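K.L.:
need coordinates for the following:
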Amino acid sequence: MTYWTSRWAGYAAIGWTLLYVASKVHFAVEGRIGVTGGPRVAAAAYRDYGPGEVAQAQWANAGSGLLIVLLILLSLWP
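P.N.:
Down below sits the predicted model:
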């Protein structure tokens, strides 16, 4: 019973993380800071970034999410 529950939780974590990755890709393509469903980021927050750095940061966040998915998949490997 515990084995099935832990696998289910792992797959749920993968699903939620992939949604996070998709939102980060969307924000990277648009060059926006923030998270889906979160508050609108003030224009002043963009001053800390150079040209193209917002997209780079969001792509890095998406890559981190994919790394987490890989680690979860490896933990579920029989």
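K.L.:
for this structure, which spans come out with low pLDDT?
P.N.:
Counting by pLDDT under 70, the ranges of the chain that qualify are 1-4.
K.L.:
show me the helices in it, by range?
P.N.:
2-30, 53-76 (DSSP state H).
K.L.:
could you dump the ones you listed into JSON lines with mean neighbour count and distance to residue 43 added?
P.N.:
For glycine as for every other residue, the C-beta is placed from the backbone atoms N, C-alpha and C. JSON lines is the format used below for the helices of the chain (neighbours: other CB atoms under 10 Å; distance: least, CB to CB, whole Å):
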{"stretch": "helix 2-30", "mean neighbour count": "14", "distance to residue 43": "15"}
{"stretch": "helix 53-76", "mean neighbour count": "15", "distance to residue 43": "12"}
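K.L.:
any chance of the ones you listed in TSV, with distance to residue 47 too?
P.N.:
Formatted as TSV, these follow (distance: least, CB to CB, whole Å):
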stretch	distance to residue 47
helix 2-30	18
helix 53-76	11
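K.L.:
those helices: which one's closest to residue 39?
P.N.:
helix 2-30 (13.7 Å; CB to CB).
K.L.:
can you say which of the helices of the chain is nearest to residue 37?
P.N.:
The closest of the helices of the chain to residue 37 is helix 2-30. By CB to CB, the value is 8.6 Å.
K.L.:
what helices or strands is the closest one leaning on?
P.N.:
In terms of contacts (3 or more CB pairs under 8 Å, 6 or more residues apart in numbering; DSSP states H and E), helix 2-30 is packed against helix 53-76.
K.L.:
hmm, who's touching the helix it packs on?
P.N.:
Under the criterion CB atoms under 8 Å, 6 or more residues apart in numbering, residues 7, 10-11, 13-14, 17-18, 20-21, 24-25, 27-29, 31-33, 46, 49 lie in contact with helix 53-76.
K.L.:
relative to helix 2-30, how tilted is it?
P.N.:
160 degrees (axes from the mean of the first three to the mean of the last three CA atoms, to 10 degrees).
K.L.:
next, count neighbours for residue 45.
P.N.:
Using other CB atoms under 10 Å, residue 45 has 11 other residues around it.
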